[in-house]
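Q: Okay, predicted coordinates and the sequence, questions at the end:
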Number of protein chains: 2
Amino acid sequence: MGNKVRIGMIGLGARGKGLLETAYLEHPDAEFVVVCDKYEDRCQEAAKVIEKSGRNTPKMVTDYKEVLQMPDVDAVIICASWDMHVEMCIEAMKAGKYVGCEVGGAYSLRECWKLIETYEETKVPVMFLENCLYGRDEMMVLNMAEQGVLGEIVHCEGGYRHDLREEVAFGKENRHYRLSNYIHRNTENYPTHELGPIAKILHINRGNRLLSLTSVSSKAAGLKEYIKEKKADDKVLSNTTFNQGDIVNTIIKCSNGETILLTLDTTLPRYYSRGFTVQGTKGMYTEDNRSIFLDGEKSAEDHFEWKKHWGNVEEYRDKYEHPVWKKYLDAGVKKGHDGMDFLVFSDFIKCVQENSEAVIDVYDMATWMSISVLAEESISMGGQPIAIPDFTSGKWMNRK
Amino acid sequence: MGNKVRIGMIGLGARGKGLLETAYLEHPDAEFVVVCDKYEDRCQEAAKVIEKSGRNTPKMVTDYKEVLQMPDVDAVIICASWDMHVEMCIEAMKAGKYVGCEVGGAYSLRECWKLIETYEETKVPVMFLENCLYGRDEMMVLNMAEQGVLGEIVHCEGGYRHDLREEVAFGKENRHYRLSNYIHRNTENYPTHELGPIAKILHINRGNRLLSLTSVSSKAAGLKEYIKEKKADDKVLSNTTFNQGDIVNTIIKCSNGETILLTLDTTLPRYYSRGFTVQGTKGMYTEDNRSIFLDGEKSAEDHFEWKKHWGNVEEYRDKYEHPVWKKYLDAGVKKGHDGMDFLVFSDFIKCVQENSEAVIDVYDMATWMSISVLAEESISMGGQPIAIPDFTSGKWMNRK
């Protein structure tokens, strides 16, 4: 492998510690020289995990600004609470540290623009660590789309359909930031798992762009019911009104005429799904029954009896598996969200080693994160359509 | 059975003739005294179908107003082109004929209001023949919702996901009205299969109502591609621009805080689905993999591995099958859209025999049909939220 990359990990809650344990410490070129969290016990736990991998004990600090001042840190990975992501990215760029940033939505358009402006001044790359771009099905469907198998792409759907009631309701106990978001905001608060893979397929910011959105939220009933059942002794939460609606649907219009439907669905009982769906003039893929429908194929005659083709995505593996996944399967898929975490981290390490531009760059990051801000505006005004800024300032037409 | 109902059938294209053949002639109390279509050959074919059932040969007329003047007609069924439905209903009410009207969307709010006004003046009932309310899964889920098994209902989805490319593109040959709609309009042109079963579950117009919608359409690429492949010799269609986008998503907000997502998806290659989904605070049903997820059940532990529970709706049949369907299964399910056509027709016949109010009444009809008009407005204004009129003028709060 290449030269070692000396990393500072910032933010060591469930996600940060989990990433270390299941994915990052599998990478031979990743060194962890410092771990940082505002809670000391989290630093100590993370340090133990790193030691257990046979690596040196990292330094431990509680102020992320210290990490940015360390000369032996090449890159930082930010896994802090959502509301700190952009601020930390900006500071890191100014300090000249290559940044890998965990996903979340933004809180203001101004912070998205500051991200862009800081990048354009410093030219220090930021990679947005959107793991779902590396999902096996997502990459296979991308491969099919690039080969034209699905025809002209017309509509895509993505969802973050994940029952987080326990995580939200036990936010105080777990020192987790979701709780305060669900109390105070009502928006598409976690858009990038949904949008990222679709943005790649639709060439967003590279020949296409997001133009506008409209977003509508249901009532908030799921957490109330959950707390009544599971946490009735918590007097504060029992009397808390949650602003966050259970289901938020957002429809985005793209400049090439495609539509994207995003669904946030995190506070009702349900099975997990990213609701990934891609429809084109020659065929479609849908995640919920994991099937591919191609126009003109023999199986298409069963369109009224599609049940027999549920799960048929496996029949297309050999032909359309993405080359990255072919290689990954040969090498041995690592743990961490079905192997996605290791793939995005590997690309990050490679980008740092080569000092090349991030494969998921600051324009993607600002665009995808801005959906949270814009959906909040739209919902608050009853589904009003809202313009999505062009963070590339016109360069999307010719960017590759 | 009861007394015979003497029916005039108006409109005998594919749908009208199909209904006769597969469902209506199965009913022992239905007499067909007259058939009417502006094309004589269709009348003759329908008459033959009726004769084949052992019934008397019906009269044949080409002007529907003649049907309305016949004293031996108790009720009319309207299966004409979409743009004639409301006009014919109004004339029929004025003539004192009980009306059964096939589904479609409206073209103006004014025609929806005229429907209401005519009913309130004449008190002649109109039954909207929305067959999907009688779907086996739809009725079972309704039953579960009414029993509280799904908790408080928060969000529902419906789709008309049906590849109609051939039907639309061969509209001239088949004298079918969809073609001109797809050329000239861009809207949720067929909302009621999607919305009807949901409206029932959410008690729309009976304690709840539709408040507003926002609707966004994708580009129109599917028919263009289809015509290039399958109808390249049709010079007119090859040079026709279709206004109708391939995918239209509409999000409706209800007065009790629920959201409804409707999807029209009729001009891309795909498997058939009505995309019926119901989510509540205790569980959900989803059509695409035909599964039920109930909070706290053993199977819910597999929420990350839900594939093993695809199709598990069958495990809940015995417990939650709707009584209407239990009886229907014992009596023998008739053909016609999975048996739905016979059920809605039976209810219609019963209402006429008892001269009782229609089970799907004129307020439902106007409300559901108005979605086409309102979606067209919203789409044309980039997804602008549009108010949905209260066709009950406040009576929805106390109607049963």
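A: On my side now, so go ahead.
Q: Now do the buried residues in stretch A:288-301.
A: For stretch A:288-301, the neighbour count (16 or more other Cβ atoms under 10 Å in any protein chain shown) marks A:288, A:289, A:290, A:291, A:292, A:293, A:294, A:295, A:299, A:300 as buried. Every C-beta, even on glycine, is put in place using the N, C-alpha and C of the backbone.
Q: do the same with stretch A:319-336
A: Here stretch A:319-336 shows A:320, A:321, A:322, A:324, A:325, A:328, A:334, A:336 as buried, counting by 16+ other Cβ under 10 Å.
Q: Which helix or which strand is home to the fourth one?
A: Translated: residue A:324. Element membership for residue A:324, per DSSP states H and E: helix A:323-331.
Q: Give the buried residues for stretch A:159-179.
A: With burial defined by 16+ other Cβ under 10 Å, the residues of stretch A:159-179 counted as buried are A:159-165, A:167-171, A:176-179.
Q: For the nearest residue to residue A:283 once chain neighbours are set aside, report the pLDDT, please.
A: Once flanking residues are discounted, residue A:283 sits nearest to residue A:294: 4.0 Å by Cβ to Cβ, 6 or more residues apart in numbering or on different chains. Looking at residue A:294, its pLDDT is 98.
Q: gap between the longest helix belonging to chain A and the chain center?
A: Criterion DSSP state H: the longest helix present in chain A is helix A:362-380. Centroid separation for helix A:362-380 versus its chain: 13 Å, with Cα atoms, centre = their mean, to the nearest Å.
Q: does chain B sit close to it?
A: No: using Cβ under 8 Å from any Cβ of the partner chain, helix A:362-380 never reaches chain B; the gap is at least 8.7 Å.
Q: What is the next helix or strand after that helix packed up against?
A: Later in the chain than helix A:362-380, the nearest helix or strand by DSSP H and E is strand A:386-387. If contacts are counted by 3 or more Cβ pairs under 8 Å, 6 or more residues apart in numbering or on different chains; DSSP states H and E, strand A:386-387 sits against strand A:210-217, helix A:362-380.
Q: wouldn't residue A:264 be in contact with residue A:162 here?
A: No: applying Cβ atoms under 8 Å as the test, residue A:264 and residue A:162 come out as separate, 9.3 Å apart.
Q: Could you list the low-confidence segments of chain A?
A: A:1-2 (pLDDT under 70).
Q: Walking through it, point out its strands one by one.
A: Residue ranges of the strands in chain A, as given by DSSP state E, are A:5-10, A:30-36, A:59-61, A:75-78, A:98-101, A:126-128, A:153-161, A:210-217, A:247-254, A:259-265, A:277-280, A:283-286, A:291-294, A:386-387.
Q: Quick one, which of the ones you listed gets closest to residue A:236.
A: strand A:210-217 (23.7 Å; Cβ to Cβ).
Q: Just want the angle from the closest one to strand B:153-161.
A: Using axes from the mean of the first three to the mean of the last three Cα atoms, to 10 degrees, the direction of strand A:210-217 lies 130 degrees away from that of strand B:153-161.
Q: quick one: residue A:32 and residue A:57 touch, right?
A: No: using Cβ under 8 Å, residue A:32 is not in contact with residue A:57; the gap is 9.5 Å.
Q: Tell me how chain A divides into domains.
A: A:5-131, A:133-319+A:362-397 (automatic domain parsing).
Q: For the stretch 51-200 of chain A, just list every one of the helices.
A: Assigned by DSSP state H, counting those that start in this stretch, the stretch 51-200 of chain A shows helices spanning A:64-69, A:85-94, A:109-122, A:136-146, A:165-169, A:178-184, A:192-201.
Q: residues of the longest one that come out buried?
A: The one in question is helix A:109-122. So helix A:109-122, judged by 16+ other Cβ under 10 Å, has buried residues A:109, A:111, A:112, A:114, A:115, A:116, A:118, A:119.
Q: Going by distance to chain B, which of those wins?
A: residue A:109 (19.3 Å; Cβ to the nearest Cβ).
Q: so which of the helices of the stretch 51-200 of chain A gets nearest residue A:46?
A: For the helices of the stretch 51-200 of chain A, proximity to residue A:46 was assessed by Cβ to Cβ; helix A:64-69 is nearest, at 12.9 Å.
Q: Please state the offset of that closest one from the chain centre?
A: On Cα atoms, centre = their mean, the centre of helix A:64-69 falls 25 Å from that of its chain.
Q: Give the buried residues for that helix.
A: A:64, A:67, A:68.
Q: what would those residues look like in CSV with distance to chain B?
A: CSV is the format used below for the buried residues of helix A:64-69 (distance: Cβ to the nearest Cβ, whole Å):
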residue, distance to chain B
A:64, 32
A:67, 34
A:68, 37
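Q: Ok, which of the strands of chain A comes nearest residue B:273?
A: Nearest to residue B:273 among the strands of chain A is strand A:283-286 (9.1 Å), distances taken as Cβ to Cβ.
Q: Which residue does the stretch 1-150 of chain A have closest to chain B?
A: residue A:150 (9.3 Å).
Q: before we move on, the earlier item: how about CSV for the helices and strands packed on strand A:386-387, with mean neighbour count added?
A: Converted to CSV, the helices and strands packed on strand A:386-387 look like this (neighbours: other Cβ atoms under 10 Å in any protein chain shown):
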stretch, mean neighbour count
strand A:210-217, 25
helix A:362-380, 25
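Q: closest to residue B:372 out of these?
A: strand A:210-217 (18.5 Å).
Q: Excluding chain neighbours, what is closest to the closest residue to chain B within the stretch 251-400 of chain A?
A: Using Cβ to the nearest Cβ, residue A:257 is the residue of the stretch 251-400 of chain A that sits closest to chain B, at 2.9 Å. Nearest residue to residue A:257, sequence neighbours excluded (Cβ to Cβ, 6+ apart): residue B:219, at 2.9 Å.
Q: go on, residue A:87?
A: Leaving aside its sequence neighbours, residue A:87 sits nearest to residue A:111 (Cβ to Cβ, 6+ apart; 7.4 Å).
Q: The one you found and residue A:89 touch, don't they?
A: No: between residue A:111 and residue A:89 there is no contact under Cβ under 8 Å: 9.4 Å.
Q: what's the neighbour count on the residue nearest to residue A:322 when sequence neighbours are not counted?
A: In space, and not counting its chain neighbours, residue A:322 is closest to residue A:139: 3.7 Å by Cβ to Cβ, 6+ apart. Applying other Cβ atoms under 10 Å in any protein chain shown, we find 22 residues neighbouring residue A:139.
Q: Residue A:139: what's it in contact with?
A: Residues in contact with residue A:139 (Cβ atoms under 8 Å, 6 or more residues apart in numbering or on different chains) are A:133, A:322, A:324, A:325.
Q: The first one and residue A:139: what is the separation?
A: Think residue A:133. 8 Å (Cβ to Cβ, to the nearest Å).
Q: now do the third one
A: Between residue A:324 and residue A:139 the computed distance is 6 Å (Cβ to Cβ).
Q: now the last one
A: Distance of residue A:325 to residue A:139, given as Cβ to Cβ: 6 Å.
Q: then stretch A:139-154 to CSV, C-alphas only?
A: Only the C-alpha atoms of stretch A:139-154 are listed here, as CSV (Å, rounded to 0.1, in the frame of the first residue of the first chain):
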residue,chain,number,x,y,z
MET,A,139,-23.3,0.9,-7.4
MET,A,140,-24.7,-1.8,-9.6
VAL,A,141,-27.6,0.4,-10.6
LEU,A,142,-25.2,3.2,-11.3
ASN,A,143,-23.3,0.9,-13.5
MET,A,144,-26.5,-0.1,-15.4
ALA,A,145,-27.5,3.5,-15.8
GLU,A,146,-24.0,4.5,-17.1
GLN,A,147,-24.2,1.6,-19.6
GLY,A,148,-27.6,2.9,-20.8
VAL,A,149,-29.4,-0.3,-19.8
LEU,A,150,-32.2,1.7,-18.0
GLY,A,151,-32.5,4.2,-20.9
GLU,A,152,-32.9,7.9,-20.2
ILE,A,153,-33.3,8.3,-16.5
VAL,A,154,-36.6,10.1,-15.6
